[in-house]
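J.: predicted model and sequence below, questions to follow.
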Amino acid sequence: MAKYVLEILDGDRAGEVVAIPDRPLRIGRKPGNDLVLADEKTSGSHAEIVLEGDRCILRDLGSTNGTLLDGKRVTELLLTPGDVVTFGRWRVAFREEGASAVGVAEGGAVALRTLDRSRLGKGSRSTAILGLALVAGLGAGGYLWLGRTQQVGGGGGVSAGPRPILAVAGDKLAAGVSGCEAADGWSLRPAGAGFNPCGVAHTGSGAFEARRGENADVADFAVMRAQDATTVFPQRTYTLAAHVRAEGGATVALRAVFASANEQAPFAFRTGTKLAAADGWTRLELVLAAPAGCDRLQLEVVATLPNADAVVYVDDCSVIEAGSAAPVEAKLADGSHTVFGTGDALALRTVDKDAPAVLLAILPDPAPTELAGLHRADLLTLSDLGASLSVTVGERGFRFVAANAPGLQLVMPAAAAGALITGASDGVFTSRASSSSFRCVSTLFGEDLTRALVRFAGEVDCVGRFGGGRYRISAIGLAEFEVDVLFRGERQQAAELVRQARRARDEGRPGETLDKLREVASRVPMDSETLGHALALAAETMAAQATTLRDLQRDFDEATFFSTRGGFERVAFGVDDVVALYGERNLGDAKAATALRDAARAKLAEFDAQTAAQQRQRLQALAQAFADAQQDGLSQIVREYIQKHLGN
């Protein structure tokens, strides 16, 4: 079997040779490529060469400036020894190993090559029509111009000619993008396995395909999207369309991604058609109204590739202003909060311009096994599952109901996790670590106007985690929930408890102060400002307690050094006073306080035991003296005193 190499023809690397291995050889600007071409005109992952038997197939990987052969852009090519291909500003020659360098025509001689149309396609995927034009030069020489185009019919094999490229009146996609004839204007590898240009076209001679192939490490999904966003107008309706084919168990969906040109706006909405099979060329259509605040739209296609035979083809995309649809917009009566979006993509915002986002998105979680890759990439949407999401307005907030979703994931700004509190069925709230698992009937997060209480129908197992600069709470089996954002009653109750706590502190009842503040945190923590005041007052009160206990510890250390009974007595009684004043439930470190008191009491007992022993010895001597003086009555009185007050 012949072995092939690539020879660089330009610059200080001219003459450098790279062998083509049995695996795909990647070419591009990034260091991880097999052949690195450091040039701003060369894409990071520009092209690849795949060895198939004794044939070498060159594929452009959606490069920005394209891959050229004889000045003509190619997307897939069967290489022949002697071909000179241009990547960016670099020319690279393809030849057999051991053959002489290809170089260029010298001395004005013309190097003529015959190009076989079968080189421009392979198998049933593509065939080629080759145009050859020879312009004879005068004088010392001339040059050869070779034009190549790909042509494949919708069912594969040689066709009589390509169908004219589909033109849609009013199409908002940039000229030359809709027909999918080349990678220009498309981002073919934003996530997953990615798409590649191909010749299996619906109309024209070019399209895009996504394949998983035999490599098990390749992602089981692929995403492509229009490179430039289309300008749209909020509240107006747009119809997106694409022609697709899905084979080998693959599924495909058409999506719209709405966002704002203002990069500071945190909201983006991704929704589309359900992931489904498409036997033969199928037109997917998506009709949506642009949500409020959104003036940019990107068309996106997503495919699942469950096995090596799976393949999805995409061609003839369009975006037009047409159709009938209404955006979602549900407001509270006071206008403070609004649920808005389109399709099954909804978000919750406030009137606070500095922190408008309460909920950024509601997504499915967990994912079906076949969609696990999309889910891990944070690209799975409710529309992918054919799930629906509805919202109704209540007195305190909004009620959301999802259908056909295995569970839900609530996505919020990362800052929302800074004060995560969960509620139990008994109405008691508990602070939680942001990244943790918990079981609860409600979850409280955010601050100020973004403060929201998510209430479930019953106890739900939740998992909180950070990801992609956002905070997420997932609940398996969750199908409906309510979001309360108005807390007038709770705010008033919490404020009154804080007032009572301050009064108790001023009157010297710190234990009552802490009890009142604990009630705020455990029963009515909904207002973040009031809760902040309560926590600050609690910290101040606990700081005073800590100072007192530190002073008592210092007294104990001094009493130990000087061996003074009074010091130990002061410490023992001092700790008792702290416990009585604050209550054991309110001790910052009850174990340490108890240990200090017990140590002081032990020292007192030691002092008293020594004193009693000395007094007993003295009185026993006195009793003996009375007995020696035959004063038996007095001796008996002394002995009885010893027995009663000093023990043995």
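T.: Received, thanks. Given the structure is predicted, the values throughout are model-derived calculations rather than measurements.

J.: okay, now the sheet partners of the biggest strand by length in the chain, with direction.
T.: Counting by DSSP state E, the longest strand found in the chain is strand 452-467. Using DSSP bridges, strand 452-467 pairs in its sheet with strand 437-445 (antiparallel), strand 470-476 (antiparallel), strand 480-484 (antiparallel).

J.: in the shortest one, which of the residues would be classed as buried?
T.: Think strand 480-484. For strand 480-484, burial by neighbour count (16 or more other CB atoms under 10 Å) applies to 481-484. C-betas here are computed from N, CA, C, even on glycine.

J.: ok, the spatially closest residue to Ala590 that is not a sequence neighbour - how many residues close by?
T.: Once flanking residues are discounted, Ala590 sits nearest to Glu584: 5.8 Å by CB to CB, 6 or more residues apart in numbering. Glu584 has 12 neighbouring residues, counting by other CB atoms under 10 Å.

J.: hmm, back to that, got the buried residues for the longest strand of the chain?
T.: 452-456, 460, 462-464.

J.: closest to Ser434 out of these?
T.: Ser434 lies nearest to Gly464 out of the buried residues of strand 452-467, by CB to CB, at 5.6 Å.

J.: for Ala534, what are phi and psi?
T.: phi -60, psi -40 (degrees, to the nearest 10).

J.: does it really touch Leu517, like I thought?
T.: Yes - the criterion here is CB atoms under 8 Å, and Ala534 meets it with Leu517 at 4.8 Å.

J.: between those two, which one's more packed in?
T.: Leu517 (29 against 24).

J.: against which helices or strands is the longest helix along the chain packed?
T.: With secondary structure taken from DSSP state H, the chain has its longest helix at helix 590-628. Counting contacts by 3 or more CB pairs under 8 Å, 6 or more residues apart in numbering; DSSP states H and E, helix 590-628 is packed against helix 528-562, helix 565-582, helix 632-641.

J.: quick one: the first one to helix 565-582, angle?
T.: Following axes from the mean of the first three to the mean of the last three CA atoms, to 10 degrees, one obtains 160 degrees for the angle between helix 528-562 and helix 565-582.

J.: could I get the buried residue list for helix 528-562?
T.: Residues 528, 530-531, 533-534, 537-538, 541-542, 545, 548-549, 552-553, 555-556, 559 are the ones in helix 528-562 that count as buried (16+ other CB under 10 Å).

J.: and if you look at the last one?
T.: By neighbour count, with 16+ other CB under 10 Å as the criterion, the buried positions of helix 632-641 are 635, 638-639.

J.: that older thread, name the residues contacting each of Ala534 and Leu517.
T.: Taking CB atoms under 8 Å, 6 or more residues apart in numbering as the contact rule, Ala534 and Leu517 both touch 497-498, 501.

J.: can you tell me which of the residues you listed is closest to Thr350?
T.: Val498 (24.3 Å).

J.: ok, Leu619 to Arg565 distance?
T.: For Leu619, the distance to Arg565 (CB to CB, to the nearest Å) stands at 21 Å.

J.: low-confidence ranges, this protein, go.
T.: 1, 101-162, 647-648 (pLDDT under 70).

J.: my guess is Asp83 meets Phe94, correct?
T.: Yes - using CB under 8 Å, Asp83 is in contact with Phe94, at 4.6 Å.

J.: one step back: quick one, which of the helices and strands packed on helix 590-628 is nearest to Leu68?
T.: helix 528-562 (60.4 Å).

J.: tell me how far that closest one lies from the chain's centre.
T.: Using CA atoms, centre = their mean, to the nearest Å, the mean C-alpha position of helix 528-562 is found 41 Å from that of the whole chain.

J.: that one vs helix 590-628, what angle?
T.: Here helix 528-562 runs at an angle of 30 degrees relative to helix 590-628 (the same axes, to 10 degrees).

J.: quick one: list the elements packing against helix 528-562.
T.: Short answer (3+ CB pairs under 8 Å, 6+ apart): helix 528-562 packs on helix 488-506, helix 510-523, helix 565-582, helix 590-628.

J.: which residues does the residue lying closest to Ile476 once chain neighbours are set aside contact?
T.: Among residues not flanking Ile476 along the chain, Gly407 sits closest, at 4.3 Å (CB to CB, 6+ apart). By CB under 8 Å, 6+ apart, the contact list for Gly407 reads 364-366, 474-478.

J.: try 6 Å this time
T.: Contacts for Gly407 (CB atoms under 6 Å, 6 or more residues apart in numbering) come out as 365-366, 475-478.

J.: among the residues you listed, who's most crowded?
T.: Result: Leu478 is most packed of the contacts of Gly407 (other CB under 10 Å), 24 neighbours.

J.: could you measure it against Asp365, distance?
T.: Leu478 is 9 Å from Asp365, where distance means CB to CB.

J.: next one: Gln610
T.: Computed with CB to CB, the distance linking Gln610 and Asp365 is 70 Å.

J.: what sits against Ala99?
T.: Per CB under 6 Å, 6+ apart, neighbours of Ala99: none.

J.: on the three-state scheme, it is what?
T.: coil (DSSP: H, G, I helix; E, B strand; the rest coil).

J.: with Lys30 instead?
T.: From three-state DSSP, the assignment for Lys30 is coil.

J.: run through who's touching the longest strand of the chain.
T.: For strand 452-467, contacts defined as CB under 6 Å, 6+ apart pick out 358, 434-439, 441-444, 446, 472-475, 478, 481-485.

J.: what's the answer for stretch 558-577, then?
T.: Stretch 558-577 has contacts (CB under 6 Å, 6+ apart) with 552, 555-556, 593, 596-597, 600-601, 603-604, 607.

J.: possible to save those residues as JSON lines with distance to Phe195?
T.: Listed next are these as JSON lines, based on distance: CB to CB, whole Å:
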{"residue": "Leu552", "distance to Phe195": "73"}
{"residue": "Asp555", "distance to Phe195": "77"}
{"residue": "Phe556", "distance to Phe195": "75"}
{"residue": "Ala593", "distance to Phe195": "68"}
{"residue": "Leu596", "distance to Phe195": "71"}
{"residue": "Arg597", "distance to Phe195": "74"}
{"residue": "Ala600", "distance to Phe195": "77"}
{"residue": "Arg601", "distance to Phe195": "79"}
{"residue": "Lys603", "distance to Phe195": "81"}
{"residue": "Leu604", "distance to Phe195": "83"}
{"residue": "Phe607", "distance to Phe195": "87"}
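
J.: this completes my enquiry, with thanks.
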